[in-house]
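Engineer: Here you go, sequence then predicted model.
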Amino acid sequence: MLTCTLSTFIHLFMPNTSNSPQEKTPAPAIRAYLGGSFDPVHNGHLEVAMSVYQHLLPIATRLHRTLHVSLLPNARSPFKTQSTDPNHRLAMLKLATESTPIQINELELWQAPPVYTIDSVRTLRQQYPNDSLIFIMGMDSAHSLDKWKDGLRLTDHVNLWVFNRQSSTDVSDGISEKFTDRTISSKNNTATTQDVNFLKTQLPLSLQPHITDSPIELLTPTIQQSSDSLNSNSTNPNNTDPTSTDLKSPDLKNANQGRIYIDSRPITAVSSTQIREQLQKLDDQTNKMPVAQRQIASIASINDIISNTESNPLAKWLNPAVYQYIIAHQLYSAAQFR
């Protein structure tokens, strides 16, 4: 008589999971970050981020890699003495990015200022050691990296995507056109080799050898190494102490130096400072009106933003929900900055 225990039955007839193919390790993600105070966030910020997203999305899809493009608000720029409460700036960022694929990374926002970019990219590299990391900036910022704290060492940890940001537009003049993918595509066709070569010379000399002509080179998965750990192990190969500083907080670097892609499509720089100044002017004008007329004027301004009319020059640069938030919380009033 044939007897079969339950365990024997399972062993004979159920698949051996230990011999099953292992799940594939997910491909390294692509993570791009646009830093700034976003005080307030405006359409220029979103359009730069969306331009990178739209450029990388078909590549990421083809390579089966996850794409994350994030805004990275700082606690306060090291070059500024004051900024709006982080809670307000975060609330406006959430309103502006609603219904978009753009994410918000709060890494810097709640730290005690000043927070330096080099420290943030080191942290991001430690968090995502195998992912392709890209830091987005304008040429005006890239040109002055030698004045940043360890700015010339950013490419030890991340790649750079540098936009050809032109001189600032006067937001009070009605603004000629928005920065859209169509705009930069048409202008890109007129960029000459001479123009591109000139842009390359705007980078600090030590960074120029790392320039690449293709953004795809920013996506090459990089093998990471810890310079501190390597140095420690070379001098003391028997060091296996798990509490060692080198092993606890490795300073991960790109095994190969990060690359720099210069996007030669010119964009119009719009400064948050200009928008704040324009808001203060509108506030000054409104405060001089009688109370009833002041309320009507405030409603009219909101309607201008919603309908994107020319009567309010801020209409082209502020998300309607962001503008309503500014008015509701009385941000950027002239009195606030006196």
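Structural biologist: Good, I have the coordinates.

Engineer: So, low pLDDT: which residues of the chain?
Structural biologist: Scanning the chain for pLDDT under 70 picks out the ranges 1-23, 77-81, 166-192, 221-256, 268, 282-313, 334-338.

Engineer: Could you report the distance from K316 to Y323?
Structural biologist: Distance of K316 to Y323, computed by C-beta to C-beta, to the nearest Å: 11 Å. Heads up, the C-betas are built off the backbone N, CA and C, glycines and all.

Engineer: more crowded one of those two?
Structural biologist: Comparing K316 with Y323 by other C-beta atoms under 10 Å, the one with more neighbours is Y323, at 24 against 21.

Engineer: what packs against the lengthiest helix in the chain?
Structural biologist: Counting residues, the longest helix found in the chain (DSSP state H) is helix 43-63. If contacts are counted by 3 or more C-beta pairs under 8 Å, 6 or more residues apart in numbering; DSSP states H and E, helix 43-63 sits against strand 30-36, strand 67-73, helix 86-97, strand 132-138, helix 181-188, strand 260-269.

Engineer: Between those, which one is closest to L154.
Structural biologist: Proximity to L154 (C-beta to C-beta) singles out strand 132-138 among these, at 6.5 Å.

Engineer: Moving C-terminal from the closest one, which element do we reach first?
Structural biologist: With elements assigned by DSSP states H and E, the helix or strand that comes after strand 132-138 is helix 139-143.

Engineer: Now the element after that next one, going C-ward?
Structural biologist: Immediately after helix 139-143, counting by DSSP H and E, sits strand 159-168.

Engineer: in that following strand, what counts as buried?
Structural biologist: By neighbour count on 16 or more other C-beta atoms under 10 Å, the buried set for strand 159-168 is N159, L160, W161, V162, F163, N164, R165.

Engineer: quick one: the fourth one and D156, what's the gap?
Structural biologist: This points to V162. In terms of C-beta to C-beta, V162 sits 17 Å off from D156.

Engineer: on that earlier part again, just flag the most distant two among the buried residues of strand 159-168.
Structural biologist: Among the buried residues of strand 159-168, N159 and R165 lie farthest apart (C-beta to C-beta), at 18.1 Å.

Engineer: just the buried residues of strand 159-168 now: which is nearest S264?
Structural biologist: Out of the buried residues of strand 159-168, the member with the shortest distance to S264 (by C-beta to C-beta) is N164, at 5.4 Å.

Engineer: Show the contacting residues for the closest one.
Structural biologist: Contacts for N164 (C-beta atoms under 8 Å, 6 or more residues apart in numbering) come out as G138, M139, L199, I262, D263, S264, R265, P266, I267.

Engineer: From L145, how far off is the spatially closest residue to it that is not a sequence neighbour?
Structural biologist: Among residues not flanking N164 along the chain, P266 sits closest, at 4.8 Å (C-beta to C-beta, 6 or more residues apart in numbering). P266 sits 20 Å away from L145 when distances are taken as C-beta to C-beta.
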